[in-house]
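Undergrad: Mind folding the following:
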Amino acid sequence: MNTRQLLIAIACAGLLGTSALTSPALAQDSIYVPLFTYRTGPYANSGIPIANGMHDYLTMLNERDGGIGGVKLKVDECETGYDVKRGVECWESVKDKNPTVVNPFSTGITLQVIPKAAVDKIPILSMSYGLSESAIGQDFPWVFNPPATYWDGMSMIIRYIGDKDGGLAKLKGKTIGFIFLDAGYGREPIPLLQQLGKDYGFNVKLYPVAGKEMSDQSGQWLSVRRDRPNWMIMWGWGAMNPTAVKRAAENGYPMDHFIGIWWSGADSDASAAGQQAKGYLALNISGLGSNYPAIQDIKKYVVDKGKSQVESDRFGNTFYDRGVYNSVLIAEAIRNAQKITDKKVVTGPDVRRGLETLNITEARWKELGLPNFGTVVHTSCEDHNGHSPAYMQQWDGAKWVKVSDWIEPMKDKVLPLLEKGAAEYVEKNTGWPKRTEACDKPS
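TA: Coordinates of the predicted model:
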């Protein structure tokens, strides 16, 4: 090889070396946020507005702010159809793409991927759903479920019912019915409900609804009509919710004594029955409507530019706002991770630290352009939930209206059961890893 050939070979090798070094860097110039969504299937009426809200808030941050901390977000959706098998397939399809966080948006999917989180170093954000016991950070360092667990939600509903009946002591001898989707999600709060029944002397009647019965429920509501419970509580999802509301009205059940969890309070859940649903109640953890600066920014930067799938008459509805709330948690965790690590492009392990140091105060909600949209969200190494309050909303025949102050959960009842449940989970899952992750202080 002569001198000229040697120089060309060295130059080519240098170019190849540069390419090999810069390609990964180019691939890492964004923050990857996969969204597990279900725009199809029997739960699509609930899944579509949530997917739109999640997607649009993150897109707005890209369009308005250039992302977070100067880094664009790469937002992809993986369609699960609310099916556990497809949800696990989504996890497997994204895990090698350096996801910063995964939102399963299904209790069934969440339960299946929890054991994978620590192995694959991907934090799970299951916002007020999933395994309630994963609030115990010492046992579940990679799983987060703020701002409140299902058990918190059940305790808030019982507190609300007690207040309406003149105090919790007045519940003695009464009957509270529980109609629920007969799956992990629906069964989740039953142990607490039964414990509260023992504590306050009320009877509990269970009305399970199998997936194939969601659009019928005639048998369940005939039983409700026969049993005449003083109050009814619902843990429903998708097509189950509007069907239950319609059946309750048809059977003459007093709608102002029928209360849903925050996943049974979509606009479509009540609007299907229209005026007949008037009085129906549901807990809510997020804002109502589109009259918030940040949501108006979504309209300006995303919806009006044709970058959203939301229909104009559904922009800012209850579950759209819930999707926005979920993405606020994601964005705040990413910001925290950037501060903690002094890195712009953060990874899953970094964002795990960010989720563990959430501190969204009333002042911070206002700074985000979402004043009074949510209450304080505070997480720590020990507490991956925060056990924040929720409020009661009521259907006035055409829209949801806030009808209560923020209702605090019964932490004294909930926390011992969560700790017991977490210990049992660890014991049943042989070889469950002990926490080795260090703790960070909130920024």
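Undergrad: how about stretch 367-385: buried residues?
TA: Residues of stretch 367-385 classed as buried: 368-370, 373-381, 383-385 (neighbour count, 16 or more other C-beta atoms under 10 Å). C-betas here are computed from N, CA, C, even on glycine.
Undergrad: And that stretch, end to end?
TA: In terms of C-alpha to C-alpha, to the nearest Å, the two terminal residues of stretch 367-385 are separated by 22 Å.
Undergrad: How far does that stretch sit from its chain's centre?
TA: Here the centre of stretch 367-385 is set off from its chain's centre by 13 Å, with C-alpha atoms, centre = their mean, to the nearest Å.
Undergrad: can you check stretch 274-283 too?
TA: Relative to the mean C-alpha coordinate of its chain, stretch 274-283 is positioned 23 Å out (C-alpha atoms, centre = their mean).
Undergrad: Flag every buried residue along it.
TA: For stretch 274-283, a neighbour-count test (16+ other C-beta under 10 Å) marks 276-283 as buried.
Undergrad: Also stretch 402-413?
TA: For stretch 402-413, the neighbour count (16+ other C-beta under 10 Å) marks 404, 407, 409-410, 413 as buried.
Undergrad: Go through these and flag which are in helices.
TA: Among the buried residues of stretch 402-413, the members falling in helices are residue 413 (criterion: DSSP state H).
Undergrad: where does the protein dip in pLDDT?
TA: 1-28, 442-443 (pLDDT under 70).
Undergrad: Show me it divided up by domain.
TA: 29-148+288-388+420-428, 151-287+393-417 (automatic domain parsing).
Undergrad: ok so, going back, with distance to residue 47 and secondary structure as added columns, please give the buried residues of stretch 274-283 in TSV.
TA: TSV is the format used below for those (distance: C-beta to C-beta, whole Å; DSSP: H, G, I helix; E, B strand; the rest coil):
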residue	distance to residue 47	secondary structure
276	25	helix
277	21	helix
278	26	coil
279	27	coil
280	21	coil
281	23	strand
282	17	strand
283	19	strand
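Undergrad: Not counting its neighbours along the chain, what's nearest the most centrally placed residue in the chain?
TA: Ranked by distance to the mean C-alpha position of the chain (C-alpha atoms, centre = their mean), the top residue is residue 127 at 2.6 Å. Leaving aside its sequence neighbours, residue 127 sits nearest to residue 326 (C-beta to C-beta, 6 or more residues apart in numbering; 4.9 Å).
Undergrad: shouldn't that neighbour be in contact with residue 51?
TA: No: Residue 326 lies out of contact with residue 51 (C-beta atoms under 8 Å); the separation is 10.0 Å.
Undergrad: circling back: ok, now how distant is the residue nearest to residue 127 from residue 54?
TA: Distance of residue 326 to residue 54, given as C-beta to C-beta, to the nearest Å: 5 Å.
Undergrad: More neighbours: which of those two?
TA: A count of neighbours by other C-beta atoms under 10 Å puts residue 54 above the other of residue 326 and residue 54, at 28 against 23.
Undergrad: host element of the more buried one?
TA: Assessed by DSSP states H and E, residue 54 sits inside helix 44-65.
Undergrad: and that helix, which residues are buried?
TA: 44-63.
Undergrad: before we move on, the earlier item: residue 148 is in contact with the residue nearest to the centre of the chain, correct?
TA: No: Residue 127 lies out of contact with residue 148 (C-beta under 8 Å); the separation is 9.4 Å.
Undergrad: hang on, the earlier thing: relative to residue 423, which of the buried residues of stretch 402-413 is nearest.
TA: Distance to residue 423 across those (C-beta to C-beta) is lowest for residue 413, with 17.2 Å.
Undergrad: What is whichever strand or helix holds residue 233 packed up against?
TA: Assigned by DSSP H and E, residue 233 belongs to strand 231-235. Contacts defined by 3 or more C-beta pairs under 8 Å, 6 or more residues apart in numbering; DSSP states H and E place strand 231-235 against helix 150-164, strand 175-181, helix 240-250, strand 258-260.
Undergrad: Tell me which residues are up against it.
TA: Applying C-beta atoms under 8 Å, 6 or more residues apart in numbering, the contact partners of strand 231-235 are 150, 154, 157, 161, 174, 176-181, 185-186, 188-189, 193, 224, 241, 244, 248, 253, 257-261, 263-264.
Undergrad: rerun at 7 Å
TA: If you take C-beta atoms under 7 Å, 6 or more residues apart in numbering as the criterion, strand 231-235 is touched by 157, 161, 176-181, 185-186, 189, 224, 244, 253, 257-261, 264.
Undergrad: Mind listing the strands it pairs with, and their directions?
TA: Using DSSP bridges, the strands paired with strand 231-235 are strand 175-181 (parallel), strand 258-260 (parallel).
Undergrad: Using a markdown table, lay out those strands together with distance to residue 293.
TA: Converted to a markdown table, the strands paired with strand 231-235 look like this (distance: least, C-beta to C-beta, whole Å):
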| stretch | distance to residue 293 |
| --- | --- |
| strand 175-181 | 36 |
| strand 258-260 | 29 |
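Undergrad: Output these in TSV, with distance to residue 84 and mean neighbour count appended to each entry.
TA: Listed next are the strands paired with strand 231-235 as TSV, based on distance: least, C-beta to C-beta, whole Å; neighbours: other C-beta atoms under 10 Å:
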stretch	distance to residue 84	mean neighbour count
strand 175-181	14	23
strand 258-260	23	25
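Undergrad: what's the closest of the buried residues of stretch 402-413 to residue 123?
TA: Nearest to residue 123 among these, counting by C-beta to C-beta, is residue 409 at 23.6 Å.
Undergrad: Leaving out chain neighbours, which residue sits closest to the closest one?
TA: In space, and not counting its chain neighbours, residue 409 is closest to residue 152: 3.7 Å by C-beta to C-beta, 6+ apart.
Undergrad: Tell me the spacing between that neighbour and residue 394.
TA: The gap separating residue 152 from residue 394 is 20 Å, by C-beta to C-beta.
Undergrad: who has more neighbours, these two?
TA: Shown here are residue 152 and residue 394; by other C-beta under 10 Å, residue 152 has more neighbours (33 against 21).
Undergrad: Surely residue 89 forms part of a helix?
TA: Yes: under DSSP: H, G, I helix; E, B strand; the rest coil, residue 89 falls within a helix.
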